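Novice: predicted model, plus sequence, below.
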Amino acid sequence: MTTTSAEAVPRDTEAGGTAVRRPEGAGYLTTAAATARRNLLQFFRTPQTLMMGTIQGAMFLFMFRYVFGYAISTRGGLSYVDWMVPGFLATVMVWTGMGAAAGIAEESVAGVFDRFRSLPIPRSAVMVGRSLADGVLIAWGIFTTTVIGLIIGFRPHGSATEIALAFLLMLFAGYAVSWVFIVLGLVSSSAQAAQGMGMLVMPFSFISSANVPVASMPGWMQPFAANQPVSVLINAVRSLMHGGPGVVGIGHTTAYWVGLSVVWYAGIAVVFAAVATRRFSRTR
Amino acid sequence: MSPIIEAHDLRKHYGDVHALDGLNLVAHSGHVTALLGPNGAGKTTFVNAVATLLRPTSGTLRVAGIDALAQPKQVRRIIGLAGQYASVEPTMTGTENLVMVARLFGLDAAAAKRGAAEVLEQLGLTDAGDRLVREYSGGMRRRLDLGASLVGRPQLLLLDEPTTGLDPRSRMELWDAIRGLVDSGTDVLLTTQYLEEADQLARDVVIVDHGRVIAAGTPDELKGQAGRDVIEIRPHTATDLAAVQDVLRAVGVEEPRVAADLHRVSTPVDRGATDLATVVRLLDERSLAVDDVGLRRPTLDEVFLTLTGAPIDGDAADTTSASLA
Ligand SMILES: Nc1ncnc2c1ncn2[C@@H]1O[C@H](COP(=O)(O)OP(=O)(O)O)[C@@H](O)[C@H]1O
Ligand SMILES: [Mg+2]
């Protein structure tokens, strides 16, 4: 072990020999805020992503409401539109996440991250910034979906507090799931590959109680469909929005579904955030 | 004063691929050092090791005296990196891009703004500062990318193939910008595939191939090692190619070569100026019209050929993959 404490630090001198103070590099908050802002500008200044996302969302809501809606029985006391909109809201995170994964893979391949890695900043903060930006994008998606839902006749029956709690829960879950897609983006070798990986998450969105009741699925599929985390979240959101699981046609209490959701998504956030930040920060 | 970069027996292995294969290099402060080599030589790998983006398999690497493997964070405080591809954000303005990087370097908001404005000015981009980068030309993007690596006022600037893919005019503009930097006291390590670029910008040139240094020195020393100057002629009409080849045969020390585009003939010569005079006289006597005739220093290909005995992209591995393609 070396006994001298003379750590080599940058010589703070310029060519002329005058001492200059070299900054230490940005802290965690500055880094996360700067990178989050960058990702948000990327989204909101690209009219295609902004418009297409909204239009696609509207299209799907319209199709399900007016094409499939009459063929699907909710097996409870709810009208189809009241039943389906919470499902759409809770799965916004999957669609947003797919776009994020593709964007991350693209930047990773294009060498954008190399500049960040070469800067005197905490590297993991770059990914925290990304996840915060994704959180905002998910909030935006939930907002537009809610507006379109209201237009096509969705009316929540729960109390204001319950409804507010439903939105909070979706944001929390969305933030957690954004870490899953960050990992997918980081391990993909191209934007296309990331999109392909994202498709692997699709079953969680479709084999769930989002669009059709689980009870209408074949028996062997039901255990997965009923218990996987997206369904748990949807059940919690529906119960909150419509004043209890009974109306929705499922068992347990609202508190049970909310509690189970929190546990699931806290677990997902912890695991995938750890994987993503380690993966981004490592020096190969 | 310690060298700005000091690499000793640096190795980076990816399985069987030895991207760096015992590279030794010392770059001194106060001028541009160019890393010159063909595609796949290990240039990017070396730059990335200096930038602390990757960890060498073995060897030692010091940047301004700091052990890059032990104290990467200290190294990051004094370097600026412009990678092989421009990595500025297209949906942000030039100013926004620079301010962001300056903030990440640790400057406060006011200093970052000032720094961004200075750099834009320095690179002749002041007028474009408020426009979104997606409206920039390729050359402007590269310059802004250079600016992003500059805005933290680094002691050492790392430029990986800064002009690859640029048109000649943008290339000149970037060269001017890089020259300006050295005058202002920043050390520069750049990589390039073009001897001319190294020639224009660098005082020290290090030629790398297969992850090792095969020659180093000033551009003139290297060209000296490569030996002979070359006379090159572009006949006015393609039908004269054979006749021009005949003329060159009179002075050349090798069989004159007809270039791939079939519109240039060249040959190495021993006594440059005298041989050129002879050639011009012969062309005149035989009434051969030419668009261009000149004496030039050897190109990288030719230097390379002399030093390694193999043309730049003609080694066994590449020939195999080319024939498979
Ligand atoms: N991540 C990697 N995995 C495997 N091989 C690599 C990797 N990065 C570089 N190489 C190989 O190392 C060699 C040197 O690459 P590079 O440093 O990019 O060369 P240059 O920049 O001079 O064109 C090449 O043969 C390249 O294929
Ligand atoms: Mg390269």
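Specialist: Ah, there it is. Source: prediction; values computed, not measured. Residues are numbered from 1 along each chain as shown, chains lettered A, B, ... in the order given. Ligands and ions are numbered 1, 2, ... in the order given.

Novice: what is the burial count for residue 47?
Specialist: Assuming you mean chain A. Around residue A:47 there are 8 other residues, counting by other CB atoms under 10 Å in any protein chain shown. From N, CA and C alone the C-beta is placed, and that goes for glycine too.

Novice: sorry, should have said chain B
Specialist: There are 26 residues near residue B:47, going by other CB under 10 Å.

Novice: what's near enough to touch it?
Specialist: B:35, B:81, B:158, B:160, B:189, B:191 (CB atoms under 8 Å, 6 or more residues apart in numbering or on different chains).

Novice: quick check: the gap between it and ligand 1.
Specialist: Applying CB to the nearest ligand atom, to the nearest Å, the value for residue B:47 to ligand 1 is 8 Å.

Novice: so which strand or helix has that residue?
Specialist: Element membership for residue B:47 (DSSP states H and E) is helix B:43-50.

Novice: hmm, which two among the contacts of residue B:47 are most spread apart?
Specialist: B:35 and B:81 (14.0 Å; CB to CB).

Novice: for the residue in the stretch 151-300 of chain B that chain A sits nearest to, which three-state class applies?
Specialist: Closest residue of the stretch 151-300 of chain B to chain A, CB to the nearest CB: residue B:185 (3.4 Å). Using DSSP: H, G, I helix; E, B strand; the rest coil, the structure places residue B:185 in coil.

Novice: that one: neighbouring residues, count only.
Specialist: Neighbour count for residue B:185, taken as other CB under 10 Å: 13.

Novice: list phi and psi for it.
Specialist: Per-residue torsions, residue B:185: phi 100, psi 10 (degrees, to the nearest 10).

Novice: again, but for residue B:240
Specialist: Main-chain torsions, residue B:240, degrees, to the nearest 10: phi -90, psi 0.

Novice: so what pLDDT did it get?
Specialist: Per-residue confidence (pLDDT) for residue B:240: 83.

Novice: ok, the closest residue to ligand 1 within the stretch 151-284 of chain A - contacts?
Specialist: Nearest to ligand 1 in the stretch 151-284 of chain A, going by CB to the nearest ligand atom, is residue A:284, at a distance of 7.0 Å. Taking CB under 8 Å, 6+ apart as the criterion, residue A:284 is in contact with B:53-55.

Novice: and the strands in the stretch 1-150 of chain A, which stretches?
Specialist: Secondary structure of the stretch 1-150 of chain A (DSSP state E, counting those that start in this stretch): no strands present.

Novice: around ligand 2, pick out the residues from it.
Specialist: With CB under 5 Å from the ion as the criterion, the stretch 1-150 of chain A does not come near ligand 2 at any residue.

Novice: where does the stretch 1-150 of chain A have low pLDDT?
Specialist: A:1-21 (pLDDT under 70).

Novice: now do the buried residues in the helix or strand that the helix holding residue B:47 is followed by.
Specialist: Next in sequence after helix B:43-50, counting helices and strands by DSSP H and E, comes strand B:58-63. Neighbour counts over strand B:58-63 (16 or more other CB atoms under 10 Å in any protein chain shown) mark B:59, B:61-63 as buried.

Novice: ditto for stretch A:46-62
Specialist: The neighbour-count check on stretch A:46-62 (16+ other CB under 10 Å) flags A:53-54, A:57-58, A:60-61 as buried.

Novice: now, those residues that are in helices?
Specialist: Taking DSSP state H, the ones among the buried residues of stretch A:46-62 that sit in helices are A:53-54, A:57-58, A:60-61.

Novice: how close does residue B:123 get to residue A:84?
Specialist: The spacing between residue B:123 and residue A:84, counted by CB to CB, to the nearest Å, is 54 Å.

Novice: in CSV: the buried residues of strand B:58-63, plus pLDDT.
Specialist: As requested, the buried residues of strand B:58-63 are arranged in CSV below (pLDDT from 0 to 100):
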residue, pLDDT
B:59, 97
B:61, 97
B:62, 97
B:63, 97
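
Novice: out of these, flag the one nearest to residue B:93.
Specialist: Among these, residue B:63 lies closest to residue B:93 (CB to CB), at 32.0 Å.

Novice: grab the nearest non-local neighbour of residue B:211.
Specialist: Distance criterion CB to CB, 6 or more residues apart in numbering or on different chains; nearest residue to residue B:211, sequence neighbours excluded, is residue B:21 at 3.4 Å.

Novice: now the strands for the stretch 101-250 of chain B?
Specialist: Using DSSP E, counting those that start in this stretch, strands in the stretch 101-250 of chain B cover B:156-160, B:187-192, B:204-209, B:212-217, B:229-235.

Novice: the ones you listed: lowest mean pLDDT?
Specialist: Here the lowest mean pLDDT among these goes to strand B:229-235, at a mean of 86.

Novice: distance from that one to the middle of the chain?
Specialist: Remark: strand B:229-235 is offset 24 Å from the chain centroid, using CA atoms, centre = their mean, to the nearest Å.

Novice: what lines up beside it in the sheet?
Specialist: strand B:265-269 (antiparallel), strand B:290-296 (antiparallel) (DSSP bridges).

Novice: ok, which of these comes nearest residue B:150?
Specialist: Among the strands paired with strand B:229-235, if distance is taken as CB to CB, the winner is strand B:290-296, at 33.2 Å.

Novice: what angle separates the following helix or strand past the closest one from strand B:229-235?
Specialist: For strand B:290-296, the following helix or strand on the C-terminal side (DSSP H and E) is helix B:300-308. On the basis of axes from the mean of the first three to the mean of the last three CA atoms, to 10 degrees, helix B:300-308 is oriented at 140 degrees to strand B:229-235.

Novice: which neighbouring elements make contact with helix B:300-308?
Specialist: helix B:195-201, strand B:204-209, strand B:212-217, helix B:219-226 (3 or more CB pairs under 8 Å, 6 or more residues apart in numbering or on different chains; DSSP states H and E).

Novice: and the second one, what does it pack onto?
Specialist: Contact partners of strand B:204-209 among helices and strands, from 3+ CB pairs under 8 Å, 6+ apart: strand B:17-27, strand B:32-36, helix B:195-201, strand B:212-217, helix B:219-226, helix B:300-308.

Novice: chain center to stretch A:140-151, what's the gap?
Specialist: Its chain's C-alpha centre and that of stretch A:140-151 lie 16 Å apart, by CA atoms, centre = their mean.

Novice: do stretch B:4-15 as well
Specialist: Using CA atoms, centre = their mean, the mean C-alpha position of stretch B:4-15 is found 20 Å from that of the whole chain.

Novice: for stretch A:34-42, same thing?
Specialist: Its chain's C-alpha centre and that of stretch A:34-42 lie 16 Å apart, by CA atoms, centre = their mean.

Novice: that one: which residues count as buried?
Specialist: Buried, per 16+ other CB under 10 Å, within stretch A:34-42: A:34-42.

Novice: quick check, it touching chain B?
Specialist: Yes - counting by CB under 8 Å from any CB of the partner chain, chain B is contacted by stretch A:34-42 at A:34, A:37-38, A:41-42.

Novice: can I get that stretch as CSV, trimmed to CA atoms?
Specialist: Output of stretch A:34-42 as CSV, limited to C-alpha atoms (Å, rounded to 0.1, in the frame of the first residue of the first chain):
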residue,chain,number,x,y,z
ALA,A,34,-30.1,18.1,-17.1
THR,A,35,-30.5,14.7,-18.6
ALA,A,36,-34.2,14.5,-17.8
ARG,A,37,-34.7,17.9,-19.5
ARG,A,38,-32.9,16.7,-22.6
ASN,A,39,-35.1,13.6,-22.9
LEU,A,40,-38.2,15.6,-22.4
LEU,A,41,-37.2,18.1,-25.1
GLN,A,42,-36.5,15.2,-27.4
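
Novice: contacting residues around that stretch?
Specialist: A:26, A:103, A:116, A:125-126, A:129-130, A:132-134, A:136-137, B:89, B:91-92, B:96, B:100, B:103-104.

Novice: now a PyMOL select for only the buried ones of the residues you listed.
Specialist: A single PyMOL command selects the buried members of these (16+ other CB under 10 Å):
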select buried, (chain A and resi 26+103+116+125+126+129+130+132+133+134+136+137) or (chain B and resi 89+91+92+96+100+103+104)
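
Novice: fine, thanks again, bye for now.
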